[in-house]
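A.B. asks: here is the input, now give the coordinates:
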Amino acid sequence: MNQFIFAAALALWGAGAVAQTTVDLSVDQARNVATQALLSDDPGLALQIAEAILSQQPDDRTSLVIVAAAAPRVGDAPRGRAAGVRAWRVSTTDTQKYEAARLTALAAANEERFTLAAFWLRRALTVAPNEDERTRTLNDARNVTRINPWSTQLSFSLVPSNNVNGGAEDESSTAPGNPTGTLSEDALALEGWRASLSFGAQYRVQEAQNSRTTIGFTYQAARVWITEETRVPDEAFNTNSYDVSLRHDRALENGTLSFRASRGLFEYRDLDLPTQTTDYEKYDIWRLGVDRRYPVNDRTLLSLSASREWLSYLATGIGEVDRVLLSGGVSYQLDSRDRVSTTLTLIDSDGDSVNYTSDQQTLSLGYSFADPIGPISLSVGGGIKWSDYPEYRLLNAVTGGRQDTTAFASANIGFPEIAYAGFTPALRLDLSDTDSNVSRFDRTTFSAGLTIRSQF
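C.D. replies: Next comes the predicted model:
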């Protein structure tokens, strides 16, 4: 039976030119004919022969690969993708799986199912036979991501910290104009771990030569595990945030101009320490902003940003907060291609509660190394932040208001040579020290966290 089917297929190959009698072929010979037809740019014939083999041997890997390669070329990408998936399942070596994954990704891209194509390219990266093929597949994945109207981001971090809750260093509570007291356990620095998950998705609704419009959704979650003895429950510091955004970018003759708007929700817990229970709290936030990026010359980039935020708290004691944010930054590329940057940010907050009314100025510096240092990539930064709450209150009004000064530093260490499925690990180190005239806000925080990043 097998030989008859393959012979008929061979007769079809020659029917357009010279009449032929059928010839009996073995399975191996039929595979070779199909392969040669594919290599000779006759995908239709290759597809016919391969499908004939598969009707008798559904898991014949070579025929599945031929269908996966040939079907998209005759306009039947779904058929090719299905064959590619089956070829992956029956493959027994990394080289075979690599071939099947790339063919499946190509078929998905022909269907314009770019997210699925990126998924299969990630699978191909897990079995790439050598560095050249890994680089080739990584570049293909970046190209697919670039043309995909959908883009997604997923990151995860796990961070040990000496101060997971932003608590004070000392239990003594002091502030000008107020009696000395003692802080509660939840107001003191607590050691523990913080896990963070971030997922984002954007869809490009419009793109022209000089403009692009996207809508997006972002979800972020943080969970805390306290490692020292305390009555404070872990869930007291758990948070969730949701954000829906609209962004329009426009290319100008000298840089870019962007407009953005978003609607967000931030959920947190309010702790009742005596009962060790928490209540649900939240605030809603609206944002409008504009950003301008201006290349001063080949090495210098100027960035300006202005935005307005409106926050509405569920807690009646807080109410509404209106914020204006302004920032300006300059980055400069050195001869080594390393980049140094500086940014000044101003935030003016006007709240229904005097404790949420403040002025804040932040000056930050950053340095990013263009080339890896041995097996790692590195960027470092730091700066200083000044905060003034002119009418801050505890039991009484704080004389002269509350003033905080925070010095901070960070380092991002990447490991580009370590990758799996297009994801690479990174280590982030953060150190901050705050000096305040209200002792509740005197704190030193150090954290070191592992994060996972996508290469495309």
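A.B. asks: outline the domain layout of this protein.
C.D. replies: Split into domains by automatic domain parsing, the chain comes to 2-146, 153-454.
A.B. asks: against which helices or strands is the one helix or strand residue 341 maps to packed?
C.D. replies: Residue 341 is part of strand 339-351 when elements are defined by DSSP states H and E. In this structure, strand 339-351 packs against strand 320-333, strand 358-368, with contacts taken as 3 or more C-beta pairs under 8 Å, 6 or more residues apart in numbering; DSSP states H and E. Placement of C-beta: from N, CA and C, glycine included.
A.B. asks: in that strand, which residues are buried?
C.D. replies: 339, 341, 343, 345, 347, 349, 351 (16 or more other C-beta atoms under 10 Å).
A.B. asks: the last one - nearest residue in space that isn't next to it in sequence?
C.D. replies: Read that as residue 351. In space, and not counting its chain neighbours, residue 351 is closest to residue 321: 4.1 Å by C-beta to C-beta, 6 or more residues apart in numbering.
A.B. asks: quick check: which of the helices and strands packed on strand 339-351 is nearest to residue 33?
C.D. replies: strand 358-368 (56.0 Å; C-beta to C-beta).
A.B. asks: adjacent strands (with direction) for the helix or strand following that closest one?
C.D. replies: Next in sequence after strand 358-368, counting helices and strands by DSSP H and E, comes strand 377-389. Sheet partners assigned to strand 377-389 using DSSP bridges are listed as strand 358-368 (antiparallel), strand 402-414 (antiparallel).
A.B. asks: now the shortest one against strand 339-351, angle please.
C.D. replies: The reference is to strand 358-368. Counting by axes from the mean of the first three to the mean of the last three C-alpha atoms, to 10 degrees, strand 358-368 points 170 degrees away from the direction of strand 339-351.
A.B. asks: now strand 358-368: how far from the chain's centre is it?
C.D. replies: In terms of C-alpha atoms, centre = their mean, to the nearest Å, the centre of strand 358-368 is set 24 Å apart from its chain centre.
A.B. asks: let me see the residues that make contact with that strand.
C.D. replies: Residues outside strand 358-368 that contact it (C-beta atoms under 8 Å, 6 or more residues apart in numbering) are 338-349, 378-390.
A.B. asks: quick check: buried residues in it?
C.D. replies: 358, 360, 362, 364, 366, 368.
A.B. asks: angle of that strand against strand 320-333?
C.D. replies: 20 degrees.
A.B. asks: hey, C-alpha coordinates of strand 358-368 in CSV?
C.D. replies: Extracted C-alpha coordinates of strand 358-368, given in CSV (Å, rounded to 0.1, in the frame of the first residue of the first chain):
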residue,chain,number,x,y,z
SER,A,358,4.6,68.6,50.3
ASP,A,359,7.4,69.8,48.0
GLN,A,360,10.1,67.4,46.8
GLN,A,361,13.3,67.8,44.8
THR,A,362,15.4,65.0,43.6
LEU,A,363,18.8,65.2,41.9
SER,A,364,20.1,61.9,40.5
LEU,A,365,23.2,60.8,38.6
GLY,A,366,23.8,57.6,36.6
TYR,A,367,26.5,55.9,34.7
SER,A,368,26.0,53.0,32.3
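A.B. asks: i'd like the first residue to be 36 from this point on
C.D. replies: Understood, numbering begins at 36; the last thing we discussed is strand 393-403.
A.B. asks: show the average pLDDT along that strand.
C.D. replies: Strand 393-403 shows a mean pLDDT of 98.
A.B. asks: stretch 225-245 now?
C.D. replies: Rounded mean pLDDT across stretch 225-245 is 93.
A.B. asks: what's the answer for stretch 69-83, then?
C.D. replies: Here stretch 69-83 scores 90 as its mean pLDDT.
A.B. asks: buried stuff in it?
C.D. replies: Neighbour-count burial for stretch 69-83, counted by 16+ other C-beta under 10 Å, picks out 69, 70, 72, 73, 77, 78, 80, 81, 82, 83.
A.B. asks: can you check stretch 348-355 too?
C.D. replies: For stretch 348-355, by 16+ other C-beta under 10 Å, it's 348, 353.
A.B. asks: for residue 332, find the nearest of the helices and strands packed on strand 374-386.
C.D. replies: Nearest to residue 332, of all the helices and strands packed on strand 374-386, is strand 355-368, at 9.5 Å by C-beta to C-beta.
A.B. asks: pull the CA atoms of that closest one into PDB?
C.D. replies: Only the C-alpha atoms of strand 355-368 are listed here, as PDB (Å, rounded to 0.1, in the frame of the first residue of the first chain):
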ATOM      1  CA  GLU A 355      -7.700  64.000  47.500                       C
ATOM      2  CA  VAL A 356      -4.200  64.700  46.500                       C
ATOM      3  CA  ASP A 357      -3.200  66.800  43.400                       C
ATOM      4  CA  ARG A 358       0.400  66.500  42.100                       C
ATOM      5  CA  VAL A 359       2.400  68.400  39.600                       C
ATOM      6  CA  LEU A 360       5.600  66.700  38.400                       C
ATOM      7  CA  LEU A 361       8.400  68.300  36.400                       C
ATOM      8  CA  SER A 362      11.700  66.800  35.400                       C
ATOM      9  CA  GLY A 363      14.600  67.600  33.100                       C
ATOM     10  CA  GLY A 364      17.600  65.400  32.300                       C
ATOM     11  CA  VAL A 365      20.800  65.300  30.200                       C
ATOM     12  CA  SER A 366      22.700  62.200  29.100                       C
ATOM     13  CA  TYR A 367      26.100  62.300  27.400                       C
ATOM     14  CA  GLN A 368      27.900  59.500  25.600                       C
END
